[in-house]
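Chemist: With the sequence up front, the predicted model follows.
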Amino acid sequence: MAPLLPAAEAPAFLSDVVILIAVSAAVAYVCHRFRIMPIVSFLVTGALVGPHALGLVHDEAMIEAAAEVGVILLLFTIGIEFSLDKLGRIKRLIFIGGGLQVAIVITLVTGVLALAGVDWRAGVFTGCLVALSSTAIVMRLLMAGRDMATDEGQASLGILIFQDLAVVAMVLLVPMLGGEGGAPLDIVLALGKAAAIIVLVLVVARRVMPPILEAVARTCSQEIFLLTVVGICLGTAYLTSLAGVSLSLGAFLAGLIVSESRFSHLAFGEILPLQILFSAMFFVSVGLLLDVGFIFANPLPVLGVIAAVLVVKALSTGVGLLAMRYPMASAAGTAVILAQIGEFSFVLERTGRDAGLYPAGVTNGGPETFIAATVALMIASPLMYRLAGWLRHHAPAREHPEAVQSDPSLASPRDLQDHVIIAGYGQVGRGVAQLLDTRSVPYLVVTLSPEGAREAEHGALRVLRGNYTRQYELELAGVRTARFLIVADDDVETTRQVVASAHALNPEMHIIARTQRQADRPGLEEAGATHVVSDEQEGFIRFSAHVLELGGASADDVAREIQRLRSWSGAMQAGDAERAAVDTRRVISLTDAERASQACSHAREITGVQPRATGCEECLRLGWSWVHLRICMSCGHVGCCDSSRGRHATQHFRSDGHPIVKSLEALDDWTWCYADKTFL
């Protein structure tokens, strides 16, 4: 009997992808058991499945393409975590530290090889190969160890940026050394063109990109935001490459563009899974180049090159930083971190071979020895990184001109201790923030909503714009050191994801979860929630009781607050306009109006008003629902907020010209002037 469906032929590349992922996962697990860094596992995977070992992978072009994307995404995320201001603070490290390091390496290598009888052209070419360090590996190590803000991290970044800039000149210089024409003026023009492109990118970062990302984030669509961020990353890298700038530097500049937006943390969290996957392919692609058989057949030449590179790179980096008055420990640590050869040296080596140039002028076996030594040094990079950490922790601290560790701008929410995290800033989130304010409990609001974030920031609250379902955002919010987490989202699936992610990161932490239905309680408790409150059971009142108890309030304080909330809620639900109006007059009294007049020219229009309805007047007529309610302080009109479908509070201002509104939400205590765009 013939099959119902024809047999589908798998794509040719699929077998290679499956093998790489399966072997990478297995090797990474084994390395994890022995506390070996993931980078080493990926390099070992490449060497294991490559053409010089088991030969399981055949489509090396596909892997190289994925590796290129991995480097782009890695440098992009590094740029996001940085900023133009921080980059400006290390400009001396870039141009003086980086310039000294590259110049010293080329001079040392050329001089030593000249003494050995090697032509100076081959010496300069070899010096260019050795001068470059691995941006991808060093940055990955610094990010994984959270050392970007340390002396070594800042110095490494500055020198690597200069190396990426120097690549532009090296690519043009190598053919000239091989006698294929060109002139020094070509290098000057190329560098000028690259500088112009970089300036243009930085202008775009300041002027154009923030409003674009703001508009995209306002859609609250993860798909649109992710596509936009990836487009910025790849597009900027491609455009800058047309000017001769390396893809890695272009990607770093793209990250700087996004870092100027208030949604940089959200962009980082969205792109992080892609970055991890593709950057793993980069390290696998490096491992593919390793020929273990060649190393065993030629151990002395390979070991000799490794030793020479370690000495030259460490010496050049250390001398450059000491010349800038860096302390010995920081200079030594940075020198150790950068004591390897970079991925772009492979490209430069192929360019030199086409021009008739070979490493150290050795035609037979020279390229193979260079590649073996380079890959071996890359594999050893995590060990050297740990050595740098040991040097930092065992050396006395000392200030220097480029010190950045005490810079308050580098502080992150991760530094918070014993605080409360509020995931979501809707009606419940706002009420919880008010409660915590009354108890002087430190807290951090995490929200995806641009409107909610702006409102919280106007209230001088600490806000992190991000997707709180992702572990990266939760870690950034300090979930490992938080007192407890409040999940105030309206969607039960989103709440379950947040609870599960937070519980995995900090199993001992109290988690208060809100849900609309009591039936959702078992699932949330299974995910890790310690307190689950449904809207069917006096939702916000019970929610507030848990918050106060965990916040350290006494039983009497909790009882009084619950009674107040029930009194307010009962008045609104019963439609008792008079009692609700009394509460409004209590909050916005004549004294409040006089105080507000100092900040707003329209405060005189505040009057003692009563709500004209128990909900948004227009929504009640249309049969619509709303998110939050606002009352006009001129006439008592009740309208819905800008997060609601109709935005009728704003529409009322536009049609009637009444500028002052007050929130009618439980525990909210703010007033807004549409005309002056300010809180009273």
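Modeler: Looks like it came in fine. Numbering: from 1, shown residues only.

Chemist: and stretch 641-657, how far out from the chain's middle?
Modeler: Computed by CA atoms, centre = their mean, to the nearest Å, the chain-centroid distance of stretch 641-657 equals 36 Å.

Chemist: first to last residue in it, what's the distance?
Modeler: Using CA to CA, to the nearest Å, the end-to-end distance of stretch 641-657 comes out at 16 Å.

Chemist: cool, and stretch 106-123?
Modeler: For stretch 106-123, the first-to-last residue distance is 8 Å (CA to CA).

Chemist: Could you list the low-confidence segments of the stretch 301-450 of the chain?
Modeler: 394-416 (pLDDT under 70).

Chemist: which stretches of it form helices?
Modeler: For the stretch 301-450 of the chain, helices defined by DSSP state H, counting those that start in this stretch occupy the ranges 328-337, 344-354, 366-393, 427-439, 450-458.

Chemist: And the residue nearest to the spatial centre of the chain, which helix or strand is it part of?
Modeler: With distances taken as CA atoms, centre = their mean, residue 268 lies nearest the centre of the chain, 3.3 Å away. Element membership of residue 268, judged by DSSP states H and E, is helix 264-288.

Chemist: and that helix, average pLDDT?
Modeler: Per-residue pLDDT values over helix 264-288 give a mean of 81.

Chemist: by contact count, what packs against that helix?
Modeler: Applying 3 or more CB pairs under 8 Å, 6 or more residues apart in numbering; DSSP states H and E, one finds that helix 264-288 makes contact with helix 14-33, helix 38-49, helix 60-81, helix 135-144, helix 222-242, helix 366-393, strand 463-465, helix 471-476. Glycine gets a C-beta too; all of them are placed from N, C-alpha and C.

Chemist: And that helix, what's buried?
Modeler: Judged by neighbour count (16 or more other CB atoms under 10 Å), helix 264-288 contains these buried residues: 264-272, 274-275, 278-288.

Chemist: now do stretch 606-621
Modeler: Buried, per 16+ other CB under 10 Å, within stretch 606-621: 606, 609, 611, 613, 614, 615, 616, 617, 618, 619.

Chemist: next one: stretch 143-162
Modeler: Neighbour counts using 16+ other CB under 10 Å place 143, 145, 147-162 of stretch 143-162 among the buried residues.

Chemist: Span of it from start to end?
Modeler: End to end - CA to CA - stretch 143-162 spans 19 Å.

Chemist: Leaving aside the residues adjacent along the chain, what's closest to the residue nearest to the centre of the chain?
Modeler: In space, and not counting its chain neighbours, residue 268 is closest to residue 80: 4.8 Å by CB to CB, 6 or more residues apart in numbering.

Chemist: Correct me if wrong: that neighbour contacts residue 269.
Modeler: No: if you go by CB atoms under 8 Å, residue 80 and residue 269 don't touch, sitting 9.9 Å apart.

Chemist: For the nearest residue in space to residue 379 that is not next to it in sequence, which residues are in contact?
Modeler: Closest residue to residue 379 apart from its sequence neighbours, by CB to CB, 6+ apart: residue 43 at 4.9 Å. Residues counted as contacts of residue 43 (CB atoms under 8 Å, 6 or more residues apart in numbering) are 283, 284, 286, 287, 290, 375, 378, 379.

Chemist: need the contact list for the fifth one.
Modeler: Which is residue 290. Residue 290 is in contact with 43, 46, 47, 50, 52, 371, 372, 375, 376, 379, counting by CB under 8 Å, 6+ apart.

Chemist: From residue 155, how far out is the residue nearest to residue 268?
Modeler: As for residue 80, its distance to residue 155 is 20 Å (criterion: CB to CB, to the nearest Å).

Chemist: which stretch of helix or strand covers the spatially closest residue to residue 240 that is not a sequence neighbour?
Modeler: Among residues not flanking residue 240 along the chain, residue 250 sits closest, at 3.3 Å (CB to CB, 6+ apart). Element membership for residue 250 (DSSP H and E) is helix 247-259.

Chemist: tell me the angle that helix makes with helix 344-354.
Modeler: Comparing the axes of helix 247-259 and helix 344-354 via axes from the mean of the first three to the mean of the last three CA atoms, to 10 degrees yields an angle of 150 degrees.

Chemist: what about the residue nearest to residue 240, distance to residue 178?
Modeler: 27 Å.

Chemist: Now for this structure, the helix or strand with the poorest mean pLDDT.
Modeler: helix 577-587 (a mean of 37; mean pLDDT, DSSP states H and E).

Chemist: picking up where we left off before, Provide a list of residues in contact with the residue nearest to residue 240.
Modeler: Residue 250 neighbours (CB under 8 Å, 6+ apart): 72, 236, 237, 238, 239, 240, 241.

Chemist: could I get the residues you listed as TSV with pLDDT?
Modeler: Formatted as TSV, the contacts of residue 250 follow (pLDDT from 0 to 100):
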residue	pLDDT
72	84
236	85
237	85
238	86
239	82
240	79
241	80
